[in-house]
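K.L.:
Okay, here's the prediction I keep looking at, along with the sequence it came from:
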Amino acid sequence: MLGLGDLATLTGNGYAVPVATFAGARHSALSEVQAALTDYRIISSGRAPDAGHLSARLRHAWEVRHGSPDHRTQLGRLLPGLIRDAQAAVRVLRTAERREARRVLAGVYQLTDFYVAYQPAPELVWMVADRALTEGEEADDPYVIAGGAWAMVQALRDGGRWEEAIDLAVHAIGQLAPYLEHGSADWRGLTGALEAEIAYVHARRGRYGDAWAHWERADRIARVLGPDYRHRQSSFSQTVLGAHATTLGVELRRPGEALRAADSFAAAEIPSLARRSRHLIEVARGHDLRGEGAAVWALLNASERTAPETIRYNGFARSMLVRLRNRPPTGLRTDVNDLCERVGLAA
């Protein structure tokens with residue numbers, strides 16, 4: 001991270017563009033979460049945390065992540081203690097209990113990845129993704145390893161390391177393959193999620209055929225799993241695959257395809273409020289490509305009302321709002337300014 005206050009320092013054009021516009025503000029609990037992640041001097045004493053109880057706490061935290069409009073604030077309260085206790089369990093427990101504790105700790109890091117994303121601390125994104133992979137490897141659990149890979153693929157993609165992202169996803173899919181016939185539905189769900197991520201990477205690169213080829217592989221998996229299936233970590237499902245199709249259209253700069261995909265299902269069908277809010281932002285991006293400012297405002301407004309702590313930290317949404325504020329659609333100046341204020345964009 002360069003530590004710049006505005007992008008004019010790099011561009012030299014004299015126009016101040018606050019970095020916070022794109023990265024989002026620092027969440028009030030980020031320092032606490034960071035302290036838990038980097039507290040290397042913990043000396044565990046007393047009774048070791050029970051792995052089964054930690055697993056139940058982790059399941060509850062995932063429910064909070066998907067079901068709370070203020071999911072980031074709620075996770076900010078839960079994660080510091082959960083991180084410390086899960087790390088302590090791995091240090092203290094032995095044999096089979098320690099292996100289970102590693103699985104839980106990997107899951108805690110996978111969840112923490114969602115909290116630290118899109119905040120002004122990119123080093124934490126890499127840290128938790130790497131640790132999730134490492135704990136999965138220490139547990140010798142292909143499913144947990146693949147879950148860590150799913151998070152790392154996104155970090156690599158957003159860092160422009162596209163070949164590495166694809167290679168990692170392909171390797172993780174290969175690791176899951178021998179277990180698909182007899183494993184739980186989640187093994188297939190995670191495979192589908194990884195295929196969808198490969199599609200996203202290809203779309204970001206502008207590779208139309210490759211993007212849709214991998215989306216179709218993911219779609220076949222989603223159809224086998226059925227309309228009621230949803231993967232907890234990735235939200236992979238038939239409905240969310242429609243949201244992925246919207247994103248592919250946007251990344252490939254084909255707004256017509258993006259908006260047709262969005263019209264193929266109702267956003268309310270996405271159970272996760274955070275994922276639903278993000279989808280509405282992606283639909284807004286499709287309208288933004290067409291210069292349809294009023295539709296962009298309406299969708300961003302809907303996103304904010306669905307899960308305000310998603311849009312507050314989404315760089316695409318914040319960029320679109322800056323453009324709307326500079327050139328508001330007819331009759332919507334006050335509404336645009338109000339939304340900017342709610343999202344935390346200073347005038």
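P.N.:
Received, thanks.
K.L.:
After the strand or helix carrying R91, which helix or strand is next? Please name it.
P.N.:
According to DSSP states H and E, R91 maps onto helix 71-92. Using DSSP H and E, the next helix or strand after helix 71-92 towards the C-terminus is helix 95-116.
K.L.:
and the angle from that next one to helix 71-92?
P.N.:
Orientation check (axes from the mean of the first three to the mean of the last three CA atoms, to 10 degrees): helix 95-116 against helix 71-92 gives 150 degrees.
K.L.:
Helix 95-116: what's the following helix or strand?
P.N.:
Remark: after helix 95-116, the chain's next helix or strand is helix 122-139, criterion DSSP H and E.
K.L.:
before we move on, back to that, list the buried ones in the helix holding R91?
P.N.:
Residues of helix 71-92 classed as buried: 71-76, 78-80, 82-90, 92 (neighbour count, 16 or more other CB atoms under 10 Å). In this view, the C-beta of every residue, glycine as well, is placed from N, C-alpha and C.
K.L.:
With stretch 125-138 instead?
P.N.:
Of the residues in stretch 125-138, 125, 127-129, 131-136, 138 count as buried by neighbour count, 16+ other CB under 10 Å.
K.L.:
Same check on stretch 250-269?
P.N.:
Buried, per 16+ other CB under 10 Å, within stretch 250-269: 250-252, 254-255, 257-259, 261-262, 265, 267.
K.L.:
Now for W297, how many residues are close by?
P.N.:
21 (other CB atoms under 10 Å).
K.L.:
so T191 is in which element?
P.N.:
Per DSSP H and E: helix 185-205 holds T191.
K.L.:
could I have the very next helix or strand once past that helix exported to PDB, CA atoms only?
P.N.:
Using DSSP H and E, the helix or strand that follows helix 185-205 in sequence is helix 208-225. These are the backbone C-alpha positions of helix 208-225, laid out as PDB (Å, rounded to 0.1, in the frame of the first residue of the first chain):
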ATOM      1  CA  TYR A 208     -15.400 -13.800 -23.900                       C
ATOM      2  CA  GLY A 209     -15.400 -17.400 -25.000                       C
ATOM      3  CA  ASP A 210     -13.300 -18.700 -22.000                       C
ATOM      4  CA  ALA A 211     -15.500 -16.700 -19.600                       C
ATOM      5  CA  TRP A 212     -18.700 -18.200 -20.800                       C
ATOM      6  CA  ALA A 213     -17.300 -21.700 -21.200                       C
ATOM      7  CA  HIS A 214     -16.400 -21.800 -17.500                       C
ATOM      8  CA  TRP A 215     -19.700 -20.200 -16.500                       C
ATOM      9  CA  GLU A 216     -21.500 -23.000 -18.400                       C
ATOM     10  CA  ARG A 217     -19.500 -25.600 -16.400                       C
ATOM     11  CA  ALA A 218     -20.600 -23.900 -13.200                       C
ATOM     12  CA  ASP A 219     -24.200 -23.700 -14.500                       C
ATOM     13  CA  ARG A 220     -24.200 -27.500 -15.100                       C
ATOM     14  CA  ILE A 221     -23.100 -28.100 -11.500                       C
ATOM     15  CA  ALA A 222     -25.800 -25.700 -10.200                       C
ATOM     16  CA  ARG A 223     -28.500 -27.400 -12.100                       C
ATOM     17  CA  VAL A 224     -27.500 -30.800 -10.600                       C
ATOM     18  CA  LEU A 225     -27.500 -29.400  -7.100                       C
END
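K.L.:
if we can go back for a sec, ok, so of the buried residues of stretch 125-138, who is nearest A284?
P.N.:
Relative to A284, the closest of these is V125; by CB to CB it sits at 23.9 Å.
K.L.:
circling back: who are the packing partners of the helix holding R91?
P.N.:
Judged by 3 or more CB pairs under 8 Å, 6 or more residues apart in numbering; DSSP states H and E, the packing partners of helix 71-92 are helix 30-37, helix 51-67, helix 95-116, helix 308-311.
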